[in-house]
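Visitor: coords below, sequence missing:
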(Lines give C-alpha, C1' and ligand atoms only; values in the text may rest on other atoms or scores of the structure.)
Protein backbone atom coordinates (compact mmCIF):
# COMPACT_ATOMS: atom_id res chain seq x y z
CA UNK A 1 0.00 0.00 0.00
CA UNK A 2 1.14 3.58 -0.72
CA UNK A 3 2.23 5.50 2.36
CA UNK A 4 -0.41 8.29 2.79
CA UNK A 5 2.36 10.65 3.83
CA UNK A 6 3.44 10.70 0.20
CA UNK A 7 0.22 12.57 -0.57
CA UNK A 8 1.14 15.50 1.68
CA UNK A 9 1.46 18.55 -0.61
CA UNK A 10 4.85 20.16 -1.02
CA UNK A 11 5.47 23.52 0.63
CA UNK A 12 5.77 25.40 -2.67
CA UNK A 13 2.55 23.81 -3.90
CA UNK A 14 0.71 24.89 -0.75
CA UNK A 15 2.06 28.43 -0.90
CA UNK A 16 0.76 28.65 -4.47
CA UNK A 17 -2.79 27.98 -3.22
CA UNK A 18 -4.68 31.27 -3.85
CA UNK A 19 -5.93 31.41 -0.26
CA UNK A 20 -2.45 30.98 1.19
CA UNK A 21 -0.96 33.30 -1.42
CA UNK A 22 -3.37 36.01 -0.22
CA UNK A 23 -2.33 35.29 3.37
CA UNK A 24 1.32 35.78 2.34
CA UNK A 25 0.35 39.16 0.91
CA UNK A 26 -1.56 40.14 4.09
CA UNK A 27 0.63 38.61 6.81
CA UNK A 28 4.03 38.03 5.23
CA UNK A 29 5.74 34.78 4.16
CA UNK A 30 7.22 33.90 7.56
CA UNK A 31 3.95 33.40 9.41
CA UNK A 32 2.30 31.57 6.53
CA UNK A 33 5.21 29.21 5.91
CA UNK A 34 5.37 28.39 9.63
CA UNK A 35 1.65 27.51 9.61
CA UNK A 36 2.15 25.35 6.50
CA UNK A 37 5.06 23.45 8.06
CA UNK A 38 3.04 22.86 11.24
CA UNK A 39 0.12 21.50 9.20
CA UNK A 40 2.45 19.23 7.24
CA UNK A 41 3.88 17.86 10.49
CA UNK A 42 0.36 17.16 11.75
CA UNK A 43 -0.37 15.24 8.56
CA UNK A 44 2.83 13.19 8.91
CA UNK A 45 1.79 12.35 12.48
CA UNK A 46 -1.59 11.16 11.22
CA UNK A 47 -3.52 13.90 13.05
CA UNK A 48 -5.08 15.23 9.84
CA UNK A 49 -5.56 13.89 6.34
CA UNK A 50 -3.06 15.00 3.64
CA UNK A 51 -5.82 16.73 1.70
CA UNK A 52 -6.65 18.86 4.76
CA UNK A 53 -3.19 20.42 5.12
CA UNK A 54 -4.09 23.70 3.40
CA UNK A 55 -7.25 24.11 5.47
CA UNK A 56 -5.33 23.36 8.65
CA UNK A 57 -2.67 25.92 7.81
CA UNK A 58 -5.31 28.55 7.10
CA UNK A 59 -7.06 27.80 10.39
CA UNK A 60 -3.82 28.35 12.32
CA UNK A 61 -3.06 31.75 10.81
CA UNK A 62 -3.55 34.79 13.05
CA UNK A 63 -5.86 37.61 12.02
CA UNK A 64 -2.97 40.08 11.87
CA UNK A 65 0.81 40.05 11.71
CA UNK A 66 1.14 41.07 15.36
CA UNK A 67 1.23 38.80 18.40
CA UNK A 68 -1.06 41.21 20.26
CA UNK A 69 -4.63 40.00 20.78
CA UNK A 70 -7.74 42.16 20.99
CA UNK A 71 -9.15 41.56 24.47
CA UNK A 72 -12.55 42.13 26.05
CA UNK A 73 -11.83 43.96 29.29
CA UNK A 74 -14.37 42.73 31.85
CA UNK A 75 -12.19 43.51 34.87
CA UNK A 76 -14.05 46.64 35.94
CA UNK A 77 -10.78 48.60 35.81
CA UNK A 78 -11.52 51.37 33.31
CA UNK A 79 -7.90 52.32 32.56
CA UNK A 80 -6.14 48.96 32.82
CA UNK A 81 -2.40 49.37 32.32
CA UNK A 82 -1.78 45.70 31.55
CA UNK A 83 -4.50 45.77 28.90
CA UNK A 84 -3.15 48.85 27.12
CA UNK A 85 -4.82 51.56 29.20
CA UNK A 86 -7.33 53.65 27.22
CA UNK A 87 -9.07 51.94 24.30
CA UNK A 88 -9.15 54.31 21.35
CA UNK A 89 -12.42 55.68 20.00
CA UNK A 90 -13.59 54.71 16.49
CA UNK A 91 -12.71 58.27 15.42
CA UNK A 92 -9.16 57.85 16.72
CA UNK A 93 -8.79 54.46 15.03
CA UNK A 94 -9.97 55.95 11.74
CA UNK A 95 -7.42 58.74 12.17
CA UNK A 96 -4.62 56.22 12.74
CA UNK A 97 -5.58 54.41 9.54
CA UNK A 98 -5.67 57.70 7.62
CA UNK A 99 -2.19 58.57 8.92
CA UNK A 100 -0.75 55.16 8.08
CA UNK A 101 0.50 56.19 4.67
CA UNK A 102 2.04 59.39 3.41
CA UNK A 103 0.46 62.32 5.23
CA UNK A 104 0.94 66.05 5.72
CA UNK A 105 2.12 65.67 9.33
CA UNK A 106 4.97 68.15 8.73
CA UNK A 107 4.02 69.66 5.37
CA UNK A 108 1.83 72.55 4.24
CA UNK A 109 -0.17 71.43 1.20
CA UNK A 110 -1.14 75.02 0.31
CA UNK A 111 2.38 76.43 0.15
CA UNK A 112 4.26 73.23 -0.59
CA UNK A 113 6.71 73.94 2.24
CA UNK A 114 7.62 72.42 5.58
CA UNK A 115 5.17 73.12 8.42
CA UNK A 116 4.98 72.76 12.22
CA UNK A 117 4.85 69.07 13.03
CA UNK A 118 1.52 67.90 14.42
CA UNK A 119 -0.01 71.37 14.25
CA UNK A 120 -3.55 69.96 14.18
CA UNK A 121 -3.08 67.97 17.38
CA UNK A 122 -1.35 70.89 19.09
CA UNK A 123 -4.14 73.28 18.11
CA UNK A 124 -6.73 70.82 19.46
CA UNK A 125 -4.75 70.46 22.69
CA UNK A 126 -4.49 74.23 23.11
CA UNK A 127 -8.21 74.57 22.45
CA UNK A 128 -9.00 71.97 25.09
CA UNK A 129 -7.08 73.88 27.79
CA UNK A 130 -7.31 77.62 26.90
CA UNK A 131 -5.54 78.59 30.13
CA UNK A 132 -2.27 77.22 28.71
CA UNK A 133 -0.06 79.76 26.97
CA UNK A 134 1.78 76.93 25.23
CA UNK A 135 1.40 73.18 24.70
CA UNK A 136 3.69 70.37 23.68
CA UNK A 137 3.47 66.58 23.26
CA UNK A 138 6.09 63.92 24.03
CA UNK A 139 5.88 60.14 24.15
CA UNK A 140 4.66 59.70 27.76
CA UNK A 141 4.31 61.54 31.04
CA UNK A 142 7.63 60.24 32.36
CA UNK A 143 9.28 61.79 29.29
CA UNK A 144 7.49 65.07 30.01
CA UNK A 145 8.94 65.14 33.53
CA UNK A 146 12.37 64.16 32.26
CA UNK A 147 12.28 66.99 29.73
CA UNK A 148 11.36 69.44 32.49
CA UNK A 149 14.39 68.34 34.51
CA UNK A 150 16.72 68.49 31.50
CA UNK A 151 15.60 71.95 30.43
CA UNK A 152 14.94 73.66 33.75
CA UNK A 153 17.19 72.02 36.33
CA UNK A 154 20.41 70.56 34.88
CA UNK A 155 22.90 70.50 37.75
CA UNK A 156 20.37 72.29 39.93
CA UNK A 157 17.88 71.31 42.62
CA UNK A 158 14.31 70.14 42.28
CA UNK A 159 12.37 70.68 45.51
CA UNK A 160 9.95 67.83 46.16
CA UNK A 161 7.92 66.57 49.12
CA UNK A 162 8.99 63.27 50.67
CA UNK A 163 5.38 62.17 50.46
CA UNK A 164 5.50 62.47 46.67
CA UNK A 165 8.61 60.37 45.96
CA UNK A 166 6.47 57.90 44.08
CA UNK A 167 7.11 54.79 42.05
CA UNK A 168 5.32 54.97 38.70
CA UNK A 169 5.25 51.28 37.82
CA UNK A 170 7.51 48.43 36.72
CA UNK A 171 10.11 49.52 39.27
CA UNK A 172 10.61 53.02 37.84
CA UNK A 173 10.71 55.81 40.39
CA UNK A 174 10.30 59.57 40.05
CA UNK A 175 13.47 60.40 42.04
CA UNK A 176 15.68 58.18 39.88
CA UNK A 177 14.08 59.52 36.71
CA UNK A 178 14.84 63.12 37.68
CA UNK A 179 18.35 62.37 38.90
CA UNK A 180 19.13 60.68 35.58
CA UNK A 181 18.73 64.13 34.00
CA UNK A 182 21.55 65.52 36.15
CA UNK A 183 19.26 67.27 38.63
CA UNK A 184 19.58 67.04 42.41
CA UNK A 185 16.54 66.35 44.57
CA UNK A 186 15.90 68.46 47.63
CA UNK A 187 13.44 66.47 49.73
CA UNK A 188 11.26 68.42 52.12
CA UNK A 189 8.68 67.63 54.79
CA UNK A 190 7.72 64.13 55.90
CA UNK A 191 5.82 61.27 54.35
CA UNK A 192 2.49 62.44 55.74
CA UNK A 193 2.95 66.18 56.28
CA UNK A 194 4.64 68.80 54.11
CA UNK A 195 3.81 72.49 54.48
CA UNK A 196 4.54 75.50 52.31
CA UNK A 197 7.06 76.58 54.95
CA UNK A 198 9.04 73.38 54.29
CA UNK A 199 9.31 74.32 50.61
CA UNK A 200 10.16 77.94 51.36
CA UNK A 201 13.02 76.93 53.66
CA UNK A 202 14.55 74.76 50.92
CA UNK A 203 14.41 77.27 48.07
CA UNK A 204 17.69 78.96 47.22
CA UNK A 205 19.94 80.05 44.34
CA UNK A 206 20.32 76.46 43.11
CA UNK A 207 16.58 75.79 42.86
CA UNK A 208 15.49 74.88 39.34
CA UNK A 209 11.83 74.37 40.15
CA UNK A 210 9.39 73.03 42.71
CA UNK A 211 7.72 69.78 41.68
CA UNK A 212 4.23 68.85 42.83
CA UNK A 213 3.46 65.19 42.09
CA UNK A 214 -0.02 63.73 42.41
CA UNK A 215 0.34 60.41 44.29
CA UNK A 216 -2.02 58.76 41.88
CA UNK A 217 -1.53 55.11 42.88
CA UNK A 218 -2.16 55.51 46.61
CA UNK A 219 -3.68 57.70 49.30
CA UNK A 220 -2.21 58.96 52.55
CA UNK A 221 -4.95 59.54 55.13
CA UNK A 222 -5.12 60.56 58.76
CA UNK A 223 -2.74 63.16 60.17
CA UNK A 224 -1.71 64.74 56.87
CA UNK A 225 -0.90 68.10 55.32
CA UNK A 226 0.22 69.24 51.88
CA UNK A 227 0.83 72.52 50.12
CA UNK A 228 -1.29 73.38 47.13
CA UNK A 229 -0.08 74.63 43.77
CA UNK A 230 -1.37 78.13 44.52
CA UNK A 231 0.66 78.38 47.72
CA UNK A 232 3.78 77.09 45.99
CA UNK A 233 3.38 79.51 43.08
CA UNK A 234 3.83 82.41 45.52
CA UNK A 235 7.36 81.28 46.43
CA UNK A 236 8.94 82.97 43.41
CA UNK A 237 10.26 79.90 41.54
CA UNK A 238 8.69 77.85 38.72
CA UNK A 239 6.20 75.20 39.84
CA UNK A 240 5.77 72.03 37.78
CA UNK A 241 2.59 70.11 38.56
CA UNK A 242 2.48 66.47 37.52
CA UNK A 243 -1.25 65.72 37.57
CA UNK A 244 -0.72 62.24 36.16
CA UNK A 245 -4.02 60.98 34.84
CA UNK A 246 -4.77 63.62 32.22
CA UNK A 247 -7.93 65.28 33.51
CA UNK A 248 -8.28 68.67 31.80
CA UNK A 249 -11.14 70.12 33.85
CA UNK A 250 -12.82 69.24 37.17
CA UNK A 251 -15.08 66.19 36.94
CA UNK A 252 -18.01 65.60 39.31
CA UNK A 253 -17.28 61.88 39.62
CA UNK A 254 -13.65 62.54 40.55
CA UNK A 255 -13.71 65.51 42.96
CA UNK A 256 -10.21 64.90 44.36
CA UNK A 257 -8.48 64.30 41.04
CA UNK A 258 -6.23 67.22 39.99
CA UNK A 259 -6.85 68.76 36.58
CA UNK A 260 -4.78 70.89 34.22
CA UNK A 261 -7.08 73.91 34.16
CA UNK A 262 -7.19 74.29 37.94
CA UNK A 263 -3.42 73.86 38.29
CA UNK A 264 -2.71 76.51 35.65
CA UNK A 265 -5.17 78.95 37.17
CA UNK A 266 -3.46 78.39 40.53
CA UNK A 267 -0.16 79.53 39.04
CA UNK A 268 1.68 76.41 37.84
CA UNK A 269 4.37 77.26 35.30
CA UNK A 270 4.02 73.81 33.74
CA UNK A 271 1.54 70.96 33.99
CA UNK A 272 2.36 67.44 32.81
CA UNK A 273 -0.16 64.67 32.19
CA UNK A 274 -0.74 61.38 30.40
CA UNK A 275 -2.74 61.13 27.20
CA UNK A 276 -3.81 57.49 27.59
CA UNK A 277 -5.61 57.69 30.92
CA UNK A 278 -8.60 59.89 31.70
CA UNK A 279 -8.29 61.75 28.41
CA UNK A 280 -8.91 58.41 26.70
CA UNK A 281 -6.36 58.84 23.92
CA UNK A 282 -3.06 57.29 22.81
CA UNK A 283 0.03 57.04 24.97
CA UNK A 284 1.53 60.52 25.14
CA UNK A 285 2.98 63.01 27.59
CA UNK A 286 1.11 66.30 27.54
CA UNK A 287 2.70 69.60 28.56
CA UNK A 288 0.76 72.80 29.29
CA UNK A 289 2.11 76.07 30.63
CA UNK A 290 3.62 79.48 30.12
CA UNK A 291 4.49 80.03 26.47
CA UNK A 292 8.15 80.89 27.07
CA UNK A 293 8.67 77.88 29.35
CA UNK A 294 7.01 75.46 26.95
CA UNK A 295 9.10 76.81 24.06
CA UNK A 296 12.24 76.31 26.13
CA UNK A 297 11.33 72.65 26.56
CA UNK A 298 10.28 72.26 22.92
CA UNK A 299 13.62 73.56 21.66
CA UNK A 300 15.74 71.46 24.03
CA UNK A 301 17.85 68.91 22.10
CA UNK A 302 16.33 66.01 24.08
CA UNK A 303 12.86 66.94 22.84
CA UNK A 304 13.71 65.32 19.51
CA UNK A 305 14.34 61.98 21.22
CA UNK A 306 10.92 62.21 22.88
CA UNK A 307 9.02 63.13 19.71
CA UNK A 308 5.76 61.32 19.01
CA UNK A 309 5.00 59.74 15.66
CA UNK A 310 2.28 60.61 13.15
CA UNK A 311 -0.03 57.84 14.39
CA UNK A 312 0.00 59.21 17.93
CA UNK A 313 -0.61 62.75 16.69
CA UNK A 314 -3.53 61.59 14.56
CA UNK A 315 -5.11 59.61 17.39
CA UNK A 316 -4.61 62.43 19.87
CA UNK A 317 -6.22 65.03 17.60
CA UNK A 318 -9.19 62.76 16.88
CA UNK A 319 -9.62 62.04 20.59
CA UNK A 320 -9.68 65.75 21.36
CA UNK A 321 -11.95 66.75 18.48
CA UNK A 322 -14.09 63.63 18.19
CA UNK A 323 -16.95 62.07 20.14
CA UNK A 324 -16.81 60.90 23.75
CA UNK A 325 -13.93 58.39 24.04
CA UNK A 326 -14.58 54.93 25.53
CA UNK A 327 -12.88 55.78 28.85
CA UNK A 328 -15.23 58.69 29.47
CA UNK A 329 -18.23 56.66 28.31
CA UNK A 330 -17.30 53.89 30.75
CA UNK A 331 -16.81 56.31 33.64
CA UNK A 332 -20.12 58.05 33.04
CA UNK A 333 -22.29 55.02 32.19
CA UNK A 334 -25.45 55.05 34.37
CA UNK A 335 -25.39 52.16 36.81
CA UNK A 336 -29.07 51.45 36.02
CA UNK A 337 -28.11 50.73 32.42
CA UNK A 338 -25.29 48.45 33.55
CA UNK A 339 -27.75 46.51 35.73
CA UNK A 340 -30.15 46.11 32.80
CA UNK A 341 -27.37 44.73 30.61
CA UNK A 342 -26.16 42.34 33.32
CA UNK A 343 -29.70 41.07 33.85
CA UNK A 344 -30.16 40.45 30.13
CA UNK A 345 -26.80 38.70 29.71
CA UNK A 346 -27.23 36.54 32.80
CA UNK A 347 -30.76 35.64 31.72
CA UNK A 348 -29.62 34.62 28.23
CA UNK A 349 -26.83 32.48 29.67
CA UNK A 350 -29.07 30.87 32.29
CA UNK A 351 -31.64 30.05 29.60
CA UNK A 352 -28.85 28.17 27.79
CA UNK A 353 -27.88 26.18 30.86
CA UNK A 354 -25.05 28.33 32.26
CA UNK A 355 -24.80 29.03 35.99
CA UNK A 356 -24.97 32.80 35.56
CA UNK A 357 -26.46 35.54 37.72
CA UNK A 358 -26.50 39.33 37.62
CA UNK A 359 -24.78 40.90 40.64
CA UNK A 360 -23.81 44.28 42.01
CA UNK A 361 -20.16 45.16 41.48
CA UNK A 362 -17.60 47.87 42.22
CA UNK A 363 -15.38 49.14 39.42
CA UNK A 364 -12.27 51.33 39.60
CA UNK A 365 -10.72 54.08 37.50
CA UNK A 366 -7.27 52.43 37.36
CA UNK A 367 -4.17 53.57 35.50
CA UNK A 368 -2.94 55.59 38.44
CA UNK A 369 -6.05 57.76 38.50
CA UNK A 370 -8.47 58.57 41.33
CA UNK A 371 -7.12 56.08 43.89
CA UNK A 372 -9.81 54.91 46.28
CA UNK A 373 -12.72 56.05 44.11
CA UNK A 374 -15.30 53.28 43.82
CA UNK A 375 -17.57 53.21 40.79
CA UNK A 376 -20.85 51.34 41.38
CA UNK A 377 -21.31 48.78 38.64
CA UNK A 378 -22.96 45.51 37.65
CA UNK A 379 -21.49 42.19 36.60
CA UNK A 380 -22.34 38.73 35.37
CA UNK A 381 -21.26 36.12 37.92
CA UNK A 382 -20.06 32.72 36.65
CA UNK A 383 -18.34 29.70 38.23
CA UNK A 384 -14.65 30.37 38.87
CA UNK A 385 -13.38 27.94 36.22
CA UNK A 386 -14.71 30.25 33.51
CA UNK A 387 -11.96 32.78 34.30
CA UNK A 388 -9.19 30.73 32.67
CA UNK A 389 -11.38 29.39 29.88
CA UNK A 390 -12.46 32.89 28.89
CA UNK A 391 -8.94 34.29 29.19
CA UNK A 392 -7.57 31.68 26.79
CA UNK A 393 -10.50 31.79 24.37
CA UNK A 394 -11.07 33.70 21.16
CA UNK A 395 -11.48 36.56 21.71
CA UNK A 396 -9.83 36.53 25.12
CA UNK A 397 -12.07 37.84 27.90
CA UNK A 398 -10.36 39.04 31.08
CA UNK A 399 -12.59 39.23 34.16
CA UNK A 400 -11.77 39.00 37.85
CA UNK A 401 -12.28 36.36 40.52
CA UNK A 402 -13.99 37.22 43.79
CA UNK A 403 -15.12 34.78 46.47
CA UNK A 404 -14.89 31.79 44.18
CA UNK A 405 -16.81 33.34 41.28
CA UNK A 406 -15.71 34.81 37.96
CA UNK A 407 -17.14 38.31 37.58
CA UNK A 408 -17.54 39.97 34.20
CA UNK A 409 -17.92 43.66 35.04
CA UNK A 410 -19.91 45.54 32.41
CA UNK A 411 -18.60 49.02 33.19
CA UNK A 412 -15.57 48.19 31.07
CA UNK A 413 -17.48 46.36 28.33
CA UNK A 414 -18.84 48.51 25.53
CA UNK A 415 -22.57 47.77 24.99
CA UNK A 416 -21.72 46.87 21.39
CA UNK A 417 -19.55 44.05 22.80
CA UNK A 418 -22.35 42.38 24.80
CA UNK A 419 -23.14 39.87 22.07
CA UNK A 420 -19.44 38.99 21.68
CA UNK A 421 -19.22 38.48 25.45
CA UNK A 422 -22.27 36.21 25.39
CA UNK A 423 -20.82 34.14 22.54
CA UNK A 424 -17.44 33.88 24.29
CA UNK A 425 -19.05 32.45 27.41
CA UNK A 426 -21.06 29.98 25.37
CA UNK A 427 -17.93 28.76 23.58
CA UNK A 428 -16.48 27.87 26.99
CA UNK A 429 -19.42 25.55 27.66
CA UNK A 430 -19.12 23.47 24.51
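Guide: Yep, that arrived. As the structure is a computational prediction, the values presented were derived from the model and not from experiment. Residues are numbered from 1 along each chain as shown.

Visitor: from residue 361, how far off is the residue nearest to residue 254 when sequence neighbours are not counted?
Guide: Using C-beta to C-beta, 6 or more residues apart in numbering and skipping residues adjacent in sequence, the residue nearest residue 254 is residue 370, 4.8 Å away. To be clear about C-beta, it is placed using only N, CA and C from the backbone, and glycine gets the same treatment. Using C-beta to C-beta, to the nearest Å, we find residue 370 at a distance of 17 Å from residue 361.

Visitor: now swap in residue 254 and tell me
Guide: Relative to residue 361, and taking C-beta to C-beta, residue 254 is found at 19 Å.

Visitor: what's the answer for residue 309, then?
Guide: Separation of residue 309 from residue 361 (C-beta to C-beta): 38 Å.

Visitor: more neighbours, the two?
Guide: Here residue 309 and residue 361 are set side by side on neighbour count (other C-beta atoms under 10 Å), and the busier one is residue 361, at 24 against 12.

Visitor: can you pull the buried residues of the helix or strand hosting the more buried one?
Guide: Counting by DSSP states H and E, the element that carries residue 361 is strand 357-366. By neighbour count with 16 or more other C-beta atoms under 10 Å, strand 357-366 contains the buried residues 357-359, 361, 363-366.

Visitor: could you do stretch 45-54 as well?
Guide: Neighbour-count burial for stretch 45-54, counted by 16+ other C-beta under 10 Å, picks out 48, 53-54.

Visitor: distance from it to the middle of the chain?
Guide: Computed by C-alpha atoms, centre = their mean, to the nearest Å, the chain-centroid distance of stretch 45-54 equals 43 Å.

Visitor: tell me the average confidence for the helix or strand containing residue 424?
Guide: Taking DSSP H and E as the definition, one finds residue 424 inside helix 418-429. On average, the pLDDT along helix 418-429 is 96.

Visitor: stretch 22-37 too?
Guide: Taken as a whole, stretch 22-37 has an average pLDDT of 94.

Visitor: any buried residues in it, and which?
Guide: Judged by neighbour count using 16+ other C-beta under 10 Å, the buried positions of stretch 22-37 are 23, 27, 31-33, 35-36.

Visitor: and which of those is nearest residue 185?
Guide: Closest approach between these and residue 185, by C-beta to C-beta: residue 31, at 48.1 Å.

Visitor: now do the buried residues in stretch 114-123.
Guide: Of the residues in stretch 114-123, those buried by neighbour count under the rule 16+ other C-beta under 10 Å are 118, 120-122.

Visitor: meant to ask about stretch 143-154
Guide: Of the residues in stretch 143-154, those scored as buried under the neighbour-count criterion (16+ other C-beta under 10 Å) are 143-153.

Visitor: center of the chain - which residue?
Guide: Nearest to the mean C-alpha position of the chain, counting by C-alpha atoms, centre = their mean, stands residue 85 at 2.6 Å.

Visitor: which element, helix or strand, includes it?
Guide: Following DSSP H and E, there is no helix or strand that holds residue 85.

Visitor: hmm, it is touching residue 367, no?
Guide: Yes - at 5.4 Å, residue 85 counts as touching residue 367 under the criterion of C-beta atoms under 8 Å.

Visitor: what do those two both touch?
Guide: With contacts defined as C-beta atoms under 8 Å, 6 or more residues apart in numbering, the residues shared by residue 85 and residue 367 are 79, 276-277.

Visitor: tabulate those in JSON lines, adding columns for neighbour count, pLDDT and distance to residue 138.
Guide: Putting the shared contacts of residue 85 and residue 367 into JSON lines (neighbours: other C-beta atoms under 10 Å; pLDDT from 0 to 100; distance: C-beta to C-beta, whole Å) gives the following:
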{"residue": "79", "neighbour count": "28", "pLDDT": "95", "distance to residue 138": "19"}
{"residue": "276", "neighbour count": "28", "pLDDT": "96", "distance to residue 138": "13"}
{"residue": "277", "neighbour count": "27", "pLDDT": "95", "distance to residue 138": "15"}
